[in-house]
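Asks: Fold the stuff below for me.
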Amino acid sequence: MQFNIRDTDSKSQARAGNIILDHGIIETPIFMPVGTVGTVKGVHQRELKLDINPDIILGNTYHLYLRPQIPILEKAGGIHKFMNWNRNILTDSGGYQVYSLSANRKIKEEGVKFKSHIDGSSHFFTPEKVMELQRSIGADIIMAFDECTPFPCEYKYAKSSMNMTHRWLDRCIKHLKKIPLKYDYDQTFFPIVQGSSYKDLRKQSAEYIASLGEEGNAIGGLSVGEPPEEMYEMTSIVTEILPKEKPCYLMGVGTPINILESIALGVDMFDCVLPTRNGRNGMLFTVHGTINIKNKKWEDDFSALDEMDITWVDTEYSKAYLRHLFTVNEMLGKQIATIHNLGFYLWLVREARKHILAGDFSIWKKTMVQQMNKRL
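Replies: Numbers count the residues shown, from 1 in each chain. Okay, here's the model as predicted:
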């Protein structure tokens, strides 16, 4: 992997760069649509490429391990061939799913024993096994196995969990060196900073991760219920410590405003289920704020979904028509809303990049945050 910084913003930590991987160039800042089980939910790969056009999408080790299962992916030649996607893919290690399965898992030093959410069968993930799984899945960027602590979290538990995550990280790195690549392209490994919402722990974790000198780094354990201001504070502490010449990935974040504020703190990569999940439930993100398309006020509004004349807007459909589709529970409504939201997120990070390169990012960001912080 190569990471080149093209320009930086003079009034913030924002930067515009290029990540070069074997499946193409990623222009940063970037938002990665979430394709948990080998698909971005409700979006055909053709639409994903033509209408949304991301340089990279995200998959999940835990879910792909359970279905379709690793032997199927290996037989297909890896996740790219299995899902007919010739651009970059990042796989999360399953650490967040371990966190979310709190009632059905047991964490110990060796790894995590958990029960499948599908059939209740028992499974055991170790750092070593997760590295092997991600080799077999074949993503371009693979993540360390970590524990994502809940919020709020007692200091003692947060510290113990962070130290275990660091020990797991050492095991990931050691084992990854022993297992060869499965396919004819390289893989890049990202460690994950933890430490909950404690400044000293975040600092310790960031310093440890920075000392390892991996090609990129991630910030985990945020956007799990803490106030936005706390998330920004923790992110700022970490980005000040992590090496500036490496890409920085803030996991699971977030709203359009979260993303702009975090870009200003020096983050390069984002993912979140909000645009797809909210889209399926009729919540649209626009330049002027959020829309609940199910509301009666849109019943006879024949204007475009977003009235700004920008390239991501699908002008084929009006607010009234999309509301009608949701009213009659037509599947197409969820698809249109999902594509709209993903298009908006990709437009947003690309506009951020343009304004970083133009030298007026901070001014533009302030205006955008004010506009988007409204319910229409």
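
Asks: Checking my notes, D170 in a strand, right?
Replies: No - remark: D170 does not belong to a strand; assigned using DSSP: H, G, I helix; E, B strand; the rest coil, it is helix.

Asks: State the number of residues packed around it.
Replies: 14 (other Cβ atoms under 10 Å). (Each C-beta comes from the backbone N, C-alpha and C, glycine too.)

Asks: Could I get the contacting residues of it?
Replies: Under the criterion of Cβ atoms under 8 Å, 6 or more residues apart in numbering, the contact list for D170 is empty.

Asks: need the strands for the stretch 251-376 of the chain, in chain order.
Replies: Per DSSP state E, counting those that start in this stretch, the stretch 251-376 of the chain has strands spanning 269-271, 283-286, 289-292. These are given in chain order.

Asks: okay, those, which one's buried deepest?
Replies: Compared across these, strand 269-271 shows the largest average neighbour count, a mean of 24 (mean count of other Cβ atoms under 10 Å).

Asks: what does that one contact?
Replies: Here strand 269-271 makes contact (Cβ under 8 Å, 6+ apart) with 28-34, 58, 90, 218, 247-254, 259, 262, 349.

Asks: and it, which strands flank it?
Replies: Partners of strand 269-271 in the sheet, by DSSP bridges, are strand 30-32 (parallel), strand 248-250 (parallel).

Asks: Of all the ones you listed, which one is nearest N329?
Replies: Closest approach to N329 among the strands paired with strand 269-271 is made by strand 30-32 (28.7 Å; Cβ to Cβ).

Asks: how many other residues sit next to S223?
Replies: As a burial measure, the neighbour count of S223 was computed by other Cβ under 10 Å and equals 21.

Asks: got it, and I339?
Replies: Counted by other Cβ under 10 Å, the residues lying close to I339 total 24.

Asks: follow-up on the earlier one: with distance to T188 and mean pLDDT added, can I get the strands of the stretch 251-376 of the chain in JSON lines?
Replies: What follows is those, written out as JSON lines (distance: least, Cβ to Cβ, whole Å; pLDDT from 0 to 100):
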{"stretch": "strand 269-271", "distance to T188": "12", "mean pLDDT": "98"}
{"stretch": "strand 283-286", "distance to T188": "30", "mean pLDDT": "96"}
{"stretch": "strand 289-292", "distance to T188": "35", "mean pLDDT": "96"}
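
Asks: how about these in JSON lines, adding distance to Y96?
Replies: Compiled in JSON lines, the strands of the stretch 251-376 of the chain are given as follows (distance: least, Cβ to Cβ, whole Å):
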{"stretch": "strand 269-271", "distance to Y96": "11"}
{"stretch": "strand 283-286", "distance to Y96": "22"}
{"stretch": "strand 289-292", "distance to Y96": "25"}
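
Asks: Go through those and name the closest to M331.
Replies: Taking Cβ to Cβ as the criterion, strand 283-286 is the member of the strands of the stretch 251-376 of the chain that comes nearest to M331, at 16.9 Å.

Asks: Relative to V112, which of the strands of the stretch 251-376 of the chain is closest?
Replies: Between V112 and the strands of the stretch 251-376 of the chain, the shortest separation by Cβ to Cβ is 21.7 Å, and it involves strand 269-271.
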